[in-house]
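# pasting the sequence and the predicted model now:
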Amino acid sequence: MNIYTHSSPLSFDQTIETLKEKLAEAKFGVLAAIPLSEKFKDKGLAFDSRITILEVCNPFEAYTAIGINPNTVNFLPCKLVVTETSGKVTIQMARPSELIALLGDPALQTFALKIETTLTAITDTIV
C-alpha cells in the first residue's frame, strides 16, 4: 500500500495542534486523538517512539460518500498518524484512493481522490 508521508519541522505536539487547526479550517473534525505510544507504555511495553492517531472526518463529505455507496462507511473516518522517532516528526496517511479501490466503484474512486488531495494539501502546509 502506498502510504503518504510528510516530514514536519515542528515538534510532535506542535505538529498535532497545527494539524488540528488546519483540518478545522477545511471543515474536518478530529473525532479522536489516540496516543498509541502511551497505550503501549500503560501496558508496560517498552516503546521509545511517539505515535498519535488522529481520526478525522468531514461529515458533509462522509454523508456524500455513504450516499454513493453505503459500504464506504467501512473506510471512515480517515486516519492521520503523527509519529516521532529519534527526534524526527512525520505525518502519515493510508491513501483514501487506494483504500476505496477495494470496493471497485469508479464513482467512489474519484471522490476518494478528492478527499486525499484535500488532506495531503492540508498536511503539506505544515512547513
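On my side now, so go ahead. Source: prediction; values computed, not measured. Numbers count the residues shown, from 1 in each chain.

# F40: neighbour count?
14 (other CB atoms under 10 Å). (C-beta placed from N, C-alpha, C; glycine too.)

# got a list of what it touches?
F40 sits next to F47 when contact means CB atoms under 8 Å, 6 or more residues apart in numbering.

# and it, how far is that from A46?
Applying CB to CB, to the nearest Å, the value for F40 to A46 is 8 Å.

# any idea which residue sits dead centre in this structure?
Nearest to the geometric centre of the chain sits L80, at 2.0 Å (CA atoms, centre = their mean).

# distance of E38 from E21?
22 Å.

# what about these two, which has more around it?
Applying other CB under 10 Å to E38 and E21 shows that E38 carries more neighbours, namely 13 against 10.

# sorry, back to before: now do the SS call for the residue nearest to the centre of the chain.
Three-state call for L80 (DSSP: H, G, I helix; E, B strand; the rest coil): strand.

# that one pairs with what?
L54 (DSSP bridges).

# do you know how far it is from A121?
13 Å.

# also G44?
40 Å.

# equivalent analysis for E25, please.
Per CB to CB, E25 is found 11 Å from A121.

# now do the buried residues in the biggest helix by length in the chain.
Secondary structure of the chain per DSSP state H: the longest helix is helix 106-124. Residues of helix 106-124 classed as buried by neighbour count (16 or more other CB atoms under 10 Å): 108-109, 111-112, 115-116, 118-119, 122-123.
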